[in-house]
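[1] Need coordinates for the following:
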Amino acid sequence: MSHHLDTPLAAQTGQLFLDDLCVFPGEDSTVLVMDVNSTINGLHSEPSFHPEGRYEFKIHFDGAEFEELTYRISFAEPDADGWQALQVHELTGGDARDDSADGELLLEGRTGESSGDSGARIWAGRIKDWFYTDLSLLSKINAAVNDGNAVDMSGWRPQSAINNFAGTTVDSIVLEISHRHPRLRPGHRIGVWAATKLATDAGGWRQVNRAGHPMMWPIFWPADVHFDQPFDTQHVSQDVESDRAHIAEHIAATIAAGKSSADPTGYAQTVAHELFPDVLSYTVGTPATYGFAVRNGRTLADNAPEVMLSLVTGTAIPSGLDPTSNEQFRTAEFPYVVPA
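    Next up is the predicted model:
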């Protein structure tokens with residue numbers, strides 16, 4: 001589950017802890033973005049990407065339980081100047097969920113440079129973090145959801161909100177796949193999540209972290225900074241059985257205390273059904289937005305924290321911030337992010 005605040009582990013293997021995931025249309029294409037290794041706590045692991053790790057975009061089609069397309073990105077040890085060579089492999093069908101499968105080499109390049117052509121291209125490197133929220137607001141929601149209380153908005157002044165992520169950086173992977181791809185054609189319904197994996201001494205791979213919907217870990221498991229919960233290491237197909245009931249109980253208690261719905265249990269079950277399995281749904285070729293009325297992919301501009309905080313509390317939570325908060329940290333052209 002994505003989390004910018006994964007300390008103290010971030011000081012050890014921050015390269016493997018996911019901060020954000022986005023899916024949106026590009027230039028006649030689908031753009032996939034994952035971020036790791038945030039400096040929000042003043043911590044940053046080197047090298048930027050773990051040379052013994054894997055970074056994977058997992059794609060499901062038409063609500064399928066398992067992924068049928070995976071893009072696996074791997075990085076070499078850094079050279080004398082700190083740059084890392086990278087490779088992108090595409091895995092399809094059953095191979096998409098098989099750690100032992102090699103897949104097809106799709107792209108090669110190195111960090112800090114764009115690689116590829118009109119069919120697929122990649123950029124990876126350190127960027128100015130485009131995420132924006134005021135952490136003092138998040139703490140209010142944490143307290144309510146954790147304790148099953150109504151949200152206490154006393155003292156909150158949206159007009160005084162600050163973006164605590166301004167001036168911070170993350171390491172980003174931006175992969176763009178053309179609409180000419182046989183599976184990623186306009187109109188196809190997909191579900192996307194990201195995973196990081198680390199090579200084991202036994203020769204296999206261990207899933208370390210994953211990301212789907214924004215804000216999941218900081219809202220529901222804010223105190224678990226050591227990631228003792230099993231959610232990060234399991235496949236999304238296990239989410240419904242293991243997570244949905246737990247999350248629904250917390251949301252229902254908060255909704256009941258705040259009297260924001262006449263049917264707290266029903267509302268909570270609806271929200272839990274929306275959030276699990278924890279994948280971003282997107283219809284290829286359509287405008288992306290992570291909003292109140294529609295959640296279809298996610299762009300770099302979307303005020304996802306405000307949407308998520310309002311969704312789990314059943315009431316409007318004004319964040320005091322808007323997409324102008326990060327407009328200097330995103331661009332309209334590939335790679336869509338702003339290098340640090």
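[2] Make sure Leu18 is actually in contact with Met34.
    Yes: if you go by CB atoms under 8 Å, Leu18 and Met34 touch, sitting 6.1 Å apart. Heads up, the C-betas are built off the backbone N, CA and C, glycines and all.
[3] Quick check: neighbours shared by these two?
    Among the neighbours of Leu18, those also in contact with Met34 (CB atoms under 8 Å, 6 or more residues apart in numbering) are Ala194, Ala211.
[4] Which residues does stretch 248-265 contact?
    For stretch 248-265, contacts defined as CB under 8 Å, 6+ apart pick out 144-146, 148-151, 220, 267-269, 271-272, 312-315.
[5] Return the subset of these lying in helices.
    Those of the contacts of stretch 248-265 mapping onto helices are Ala144, Val145, Asn146, Phe220, Tyr267, Ala268, Gln269, Val271, Ala272, Val312, Thr313, per DSSP state H.
[6] Asp99: which of those residues is nearest?
    Phe220 (27.5 Å; CB to CB).
[7] measure the closest residue to the closest one other than its chain neighbours to Pro318 for me?
    Using CB to CB, 6 or more residues apart in numbering and skipping residues adjacent in sequence, the residue nearest Phe220 is Ile247, 6.0 Å away. Separation of Ile247 from Pro318 (CB to CB, to the nearest Å): 24 Å.
[8] So which residue of this protein lies furthest out from the middle?
    Most distant from the centre of the chain: Ala262, at 32.1 Å, with distances by CA atoms, centre = their mean.
[9] picking that back up, from the contacts of stretch 248-265, which would you call buried?
    144-146, 150-151, 220, 267-269, 271-272, 312-315 (16 or more other CB atoms under 10 Å).
[10] which residues in the stretch 151-300 of the chain form strands?
    In the stretch 151-300 of the chain, the segments counted as strands under DSSP state E, counting those that start in this stretch are 169-178, 189-199, 205-211, 280-283, 289-290, 295-296.
[11] Pull out the buried positions in the longest one.
    What it means is strand 189-199. So for strand 189-199, counting by 16+ other CB under 10 Å, buried means Ile190, Gly191, Val192, Trp193, Ala194, Ala195, Thr196, Lys197, Leu198.
[12] so it versus strand 169-178, what angle?
    Between strand 189-199 and strand 169-178, the angle comes out at 130 degrees (axes from the mean of the first three to the mean of the last three CA atoms, to 10 degrees).
[13] mean confidence score for strand 189-199?
    Strand 189-199 shows a mean pLDDT of 96.
[14] so what secondary structure elements neighbour it?
    strand 18-25, strand 29-36, strand 53-61, strand 205-211, strand 280-283 (3 or more CB pairs under 8 Å, 6 or more residues apart in numbering; DSSP states H and E).
[15] Sheet-wise, list the partners of that strand with their directions.
    Each strand paired with strand 189-199, and its direction, by DSSP bridges: strand 53-61 (antiparallel), strand 205-211 (antiparallel), strand 280-283 (antiparallel).
[16] Low-confidence regions, this protein specifically.
    1-12, 223-229 (pLDDT under 70).
[17] any idea where the helices of this protein begin and end?
    Secondary structure of the chain, counting by DSSP H: helices at 10-13, 135-147, 216-220, 239-242, 244-258, 264-275, 304-313.
[18] Excluding chain neighbours, what is closest to His179?
    Closest to His179 by CB to CB, 6+ apart is Asp28, at 5.2 Å.
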